[in-house]
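Student: Sequence and predicted model, in that order:
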Amino acid sequence: MAMTPAEIREALAANKMRVRPKSESWLMRTIGFLLALFRINARFLERYTTVIWRDVWYPSSWGDFDIDDDAQLAAHASTFEHELVHVAQRKKWWLFWAVSYLLLPLPFGLAWFRWRWEREAYLTNIRNGRTIEQCVDALWAYGWPWPRAWMRAWFEAHADK
């Protein structure tokens with residue numbers, strides 16, 4: 001079951017996180033442009049939420065999102081739970097996390113670190129109702145971090161734990 005709006009706000013506040021639209025960030029717009037240019041992920045700005053340090057950048061498809069609106073927050077609770085996994089990873093594994101996301105910002109192909117960080121976060125999405133196939137498809141759009149069959153097998157082995 002996904003976190004409640006109150007739990008999400010509490011976790012964000014405890015970690016001093018801000019929630020902001022991707023359209024406000026030159027970095028997010030640049031990444032979106034490059035991903036679309038190289039035909040990797042043309043929907044980065046409109047569909048994907050991204051955490052960078054203390055910012056949760058939300059996609060344009062969320063419209064005028066208001067973190068204080070319980071209904072809006074509840075509609076995206078699973079996404080926030082996913083992103084909070086990344087916040088915890090950054091705190092626990094800060095050096096590896098920083099190297100893999102900042103020094104290797106666009107890992108493609110067999111990108112073990114990208115696969116390592118995202119698989120744990122996507123487990124929360126599976127436990128909150130997304131299918132394994134939906135998660136594999138979403139991960140594939142990250143620049144093909146791991147072979148689809150391997151991702152599917154890993155999720156099947158770990159989804160019920």
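Tutor: Cool, got the structure.
Student: Residue ranges in the chain under the pLDDT threshold?
Tutor: For the chain, the stretches flagged by pLDDT under 70 are 1, 101-110, 161.
Student: what's the domain layout of it?
Tutor: 1-92, 107-161 (automatic domain parsing).
Student: closest one to residue 99 among these?
Tutor: Nearest to residue 99, of all the domains of the chain, is domain 107-161, at 7.8 Å by C-beta to C-beta. Glycine gets a C-beta too; all of them are placed from N, C-alpha and C.
Student: quick one: the closest one to chain centroid distance?
Tutor: For domain 107-161, the separation from the chain centroid amounts to 11 Å (computed by C-alpha atoms, centre = their mean, to the nearest Å).
Student: and the gap between residue 61 and residue 127?
Tutor: 23 Å (C-beta to C-beta, to the nearest Å).
Student: Between the two, point out the one with more neighbours.
Tutor: Neighbour count, other C-beta atoms under 10 Å: between residue 61 and residue 127, residue 127 has more, with 15 against 12.
Student: list the contacts for the more buried one?
Tutor: Counting by C-beta atoms under 8 Å, 6 or more residues apart in numbering, residue 127 makes contact with residue 159.
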